[in-house]
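>>> Quick one, what's the 3D model for this:
(2 chains, ligands or ions: 2)
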Amino acid sequence: MKAKRGAMWRVAWTLALRQVQRSSIWMNLLIILIMVLTFLNLVVVTGILIGLLQGSLEANKELYTGNVIISEEFGSQGIDNTNEIIQTLASSPSVAVYSPRYIRQAVAEANYQTRTDFNEPENSLSLSLTGIDPIAEDQAIALSDSLVEGEYLDPDESGYIMIGSLNVEKYSQFSDLFDPLRNVEAGTRIKITYTGSDTPISFMESAGSFGGVAGGVDRTGRTREFIVKGIIDSKVDQIALRAFITKEDWDNLVTPQLDRASEIAVVLNPGITDDEYANELRGYGFDEHAKIQTAAEAIPNVLNDLILTFGLLGNITGAIAVVVSAITIFVVIYINALTRRKQIGILKGIGIRGGAIERAYIMQSLFYAVVGGAIGYAVVFWVLVPYFNENPIDFPFSDGILAVTALGTFTRWVILVVVTAIAGFIPSWLIVRKNTLDSILGRN
Amino acid sequence: MSLAIEAKNIVRSFGTGELHVTVLKGIDLKIEQGEFVGLMGKSGAGKSTLMYQLSLLDRPTDGTVELFGKATAGLNHVERTRFRLEHLGYIFQDYALVPELTAYENVALPLMMLGWDENRIQKAVCETLDKLGLPEKWNSVPSKLSGGQQQRVSIARAVAKNPEILFADEPTANLDNASSKDVIEALQQLHEEGQTIVMVTHEHDYTKYCNRVLWMDDGLITKEIEPFSGEIQ
Ligand SMILES: Nc1ncnc2c1ncn2[C@@H]1O[C@H](COP(=O)(O)OP(=O)(O)OP(=O)(O)O)[C@@H](O)[C@H]1O
Ligand SMILES: [Mg+2]
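Ligands and ions are numbered 1, 2, ... in the order given. Presented below is the predicted three-dimensional model:
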């Protein structure tokens, strides 16, 4: 019986090969095109949905957290042993660069010089005033690349501020949700008032001491005028919501009790994983007074949920695409087999096993799925992926790339091939199983 | 001489109730190995229906068909297909070639199914196509061949495997006179080489080479007539 099985495949192969070879080229192209499109639908829709989010994860890492981020415990003001941590980071060969950030809520006010009428609404806003080392911050998260206007902070100058774009009406997409600063651009003077609890201070007092501001610092040292040096438009909202000044200016304004950073972004050298280094830091006990997270851990939960959701959506779209192409193949093979019903009957009449004829149709369907999938595969990896890497889709919160893995794509291909084979088998089986003589004579 | 076909009391009826028709009404028939038997009769007499019973394409309602002394009633449909492949050749009225396959491939297909190796297939196909007068047409698909050539390819497909019995149901019905004559000559040549043949025809002329010609009427074999003895038109 073994020889017979081989014989069946041989007959099937001859029938399938010739049917594909000698059927209309347009028909072949059409079916293959449907397969390619199905495959792309299967791979690209999910890929873009997930790529969009992965892009935002990447953005979070590149533009905000670095590989590892050390941040203050919720509710505390700064990290207790900032100095100790910084010494460790500075002497670690694993660390490429680190950037401590000192953050307090402060009120920014613009256009106070032109405001003559006290009934006019205040042009002010509460924002996260962040003291940084401009050079370290630029090395860590390339902050200067996010400038949309003006220039980057000069570490040697005082009295300049960079404002996150979400605080500025001109750039904010949320201007209908809250009131960003109006008429602010590079060169505008704005007044920053620190209202925090580092030392008790009355906001009224500083607001009232209007005249003192002219010199730059008021009598209490809690309000100061800055010139907007630049505007930062980051894909990461946390950054775009902040305002940046040098650590020196920050010290002057906030009156630090201790050197207590709010967060420290750490960028690692190659050769160590984020997890390894985070664990190393935890090993020193630094997590007693601070939160130590890898870039992946620092991702907001909602993003992870979104990734799952988008993956699911992509799979649903893909499943629909597969069903559509399965039906297409089913119809194509069914019509093909039905119009050849007499011929199929005759083949059986001269002794060709039904199994061989079914195999021929399965092989034909497989041919379309394999070729269509191969073309689709090539299009994905040789055209679309490079294209989206070069020209990411500019989503507000990330650079959308096409997130596809070779394995994931291959798996989808296999799914397409298997489903297509089944879609080719069923109609041929329906026709082949009919009574031989009835088929030959065209009876029902 | 031993028997190739022995049919006993073959009855074939179709339908139930008012639609019930009995097409074959108890046919007894013996055909010797090496015989060339002609089957004639009016349209609707049941000639094709009888051929289907003898070639295992159909099952009689009653009666038995023995081929080379082997009872066939107990065979399931896979075994019947196998039996047809190994022992029987069938030529259809309308050639029934696979349109995408060349003449060569059409003839080779049953041999592949038999599990023959490439060399043996090539030898058998070439010899058979040669014998049937189809040189240089091996790589043509059926649509590039004339009706007579197609029918000869169809005969080649049936006989390349050396079947014990060759059935031909009106093999010349779709052909002009010259092509028909070619086909009949080809069958005669096979017969001379010892091939057992059962052929249905409407033209008395084409029974010229038959050993016997049976006449069917209304589901029964009613008489034996003389084979044609003149010059085929
Ligand atoms: N499946 C069927 N159901 C009902 N009647 C049938 C069936 N098959 C054949 N018949 C009838 O049986 C009779 C004999 O048919 P058959 O095809 O055997 O005749 P034939 O002798 O080959 O005729 P022809 O010379 O026209 O080919 C016809 O009247 C036909 O209508
Ligand atoms: Mg007939």
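>>> would you list every one of the strands in the chain?
I went with chain A, as the question did not name one. Secondary structure of chain A by DSSP state E: the strands cover A:68-72, A:95-110, A:124-132, A:147-150, A:160-164, A:189-194, A:223-232, A:242-246, A:263-268, A:290-294, A:393-395, A:398-400.
>>> Wait, chain B was what I had in mind.
Using DSSP E, strands in chain B cover B:3-14, B:21-32, B:36-41, B:62-67, B:70-71, B:88-91, B:165-169, B:196-200, B:212-217, B:220-225.
>>> Neighbouring strands - and their directions - for the last one?
By that I understand strand B:220-225. strand B:212-217 (antiparallel) (DSSP bridges).
>>> Return the set of buried residues in the partner strand.
B:R212, B:V213, B:L214, B:W215, B:M216 (16 or more other CB atoms under 10 Å in any protein chain shown). In short, each C-beta sits where N, CA and C put it, glycine included.
>>> what's the answer for stretch B:59-74, then?
By neighbour count on 16+ other CB under 10 Å, the buried set for stretch B:59-74 is B:P60, B:G63, B:V65, B:E66, B:L67, B:T72.
>>> Verify the contact between the fourth one and B:T72 for me.
Right, the one you point to is B:E66. Yes - under the criterion of CB atoms under 8 Å, B:E66 makes contact with B:T72 at 6.8 Å.
>>> hmm, back to that, please identify which of the strands of chain B is closest to A:R282.
strand B:88-91 (82.8 Å; CB to CB).
>>> How about the closest one and chain A, touching?
Yes - using CB under 8 Å from any CB of the partner chain, strand B:88-91 reaches chain A at B:L88, B:G89, B:Y90.
>>> List buried residues within those.
B:L88, B:G89, B:Y90.
>>> And those residues, which is closest to A:S439?
Nearest member of those to A:S439, counting by CB to CB, is B:Y90, at 14.0 Å.
>>> Could you list which residues are in contact with the closest one?
A:G349, A:I350, B:S55, B:L57, B:R84, B:A158, B:L166, B:F167, B:A168, B:D169 (CB atoms under 8 Å, 6 or more residues apart in numbering or on different chains).
>>> most tightly surrounded among the strands of chain A?
strand A:160-164 (a mean of 26; mean count of other CB atoms under 10 Å in any protein chain shown).
>>> In CSV, please show the C-alpha coordinates belonging to stretch B:207-220.
Written as CSV, here are the backbone C-alpha positions of stretch B:207-220 (Å, rounded to 0.1, in the frame of the first residue of the first chain):
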residue,chain,number,x,y,z
THR,B,207,-18.5,-4.0,-36.7
LYS,B,208,-16.4,-5.2,-39.6
TYR,B,209,-13.6,-6.6,-37.3
CYS,B,210,-15.9,-7.9,-34.6
ASN,B,211,-16.0,-11.6,-33.8
ARG,B,212,-19.6,-11.3,-32.7
VAL,B,213,-22.3,-8.6,-32.9
LEU,B,214,-25.1,-8.6,-30.3
TRP,B,215,-28.4,-6.8,-30.8
MET,B,216,-30.1,-5.3,-27.8
ASP,B,217,-33.8,-4.3,-27.7
ASP,B,218,-35.6,-2.9,-24.7
GLY,B,219,-33.2,-4.2,-22.0
LEU,B,220,-32.5,-7.6,-23.4
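>>> tell me how far that stretch is from the chain's mean position?
Chain-centre distance of stretch B:207-220: 14 Å, with CA atoms, centre = their mean, to the nearest Å.
>>> What pLDDT does the model give the residue of chain B found nearest chain A?
Per CB to the nearest CB, B:L85 is where chain B lies closest to chain A, at 2.5 Å. As predicted, B:L85 sits at a pLDDT of 95.
>>> Give the full set of residues in contact with it.
Residues near B:L85 by CB under 8 Å, 6+ apart: A:I350, A:G351, A:I352, B:P110, B:M113, B:L114, B:K161.
>>> which sections of chain A are below the confidence cut-off?
Scanning chain A for pLDDT under 70 picks out A:1-5, A:115-121, A:173-177, A:196-221, A:255-258, A:397.
>>> how about the residues of it near chain B?
Residues of chain A lying near chain B (CB under 8 Å from any CB): A:3-4, A:6-8, A:10-11, A:14-15, A:18-19, A:21-23, A:342-343, A:346-354, A:356, A:436-437, A:440.
>>> so of these, which ones are in helices?
Under the assignment DSSP state H, the residues of chain A next to chain B contribute A:3-4, A:6-8, A:10-11, A:14-15, A:18-19, A:21-22, A:342-343, A:346-349, A:354, A:356, A:436-437, A:440 to helices.
>>> Is there a quick PyMOL command that grabs whichever of the residues you listed are buried?
Selecting only the buried entries of these in PyMOL, with 16+ other CB under 10 Å as the criterion:
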select buried, chain A and resi 7+8+10+11+14+15+18+19+342+343+346+347+348+349+354+356+436+437+440
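>>> biggest helix in chain B by residues?
Among the segments of chain B that qualify as a helix by DSSP H, the longest is helix B:177-192.
>>> list the helices and strands it packs on?
strand B:36-41, helix B:147-159, strand B:165-169, strand B:196-200 (3 or more CB pairs under 8 Å, 6 or more residues apart in numbering or on different chains; DSSP states H and E).
>>> Flag the shaky bits of chain B, pLDDT-wise.
In chain B, residues with pLDDT under 70: B:1.
>>> Point to the residue nearest the middle of it.
Nearest to the mean C-alpha position of chain B, counting by CA atoms, centre = their mean, stands B:F167 at 1.5 Å.
>>> OK, contacts around A:D275?
Taking CB under 8 Å, 6+ apart, one finds A:T294 in contact with A:D275.
>>> repeat that with 10 Å
A:N67, A:V68, A:T294, A:A296, A:E297 (CB atoms under 10 Å, 6 or more residues apart in numbering or on different chains).
>>> nearest to B:E192, of those residues?
A:A296 (86.5 Å).
>>> so how far is A:V68 from that closest one?
According to CB to CB, to the nearest Å, A:A296 stands 10 Å off from A:V68.
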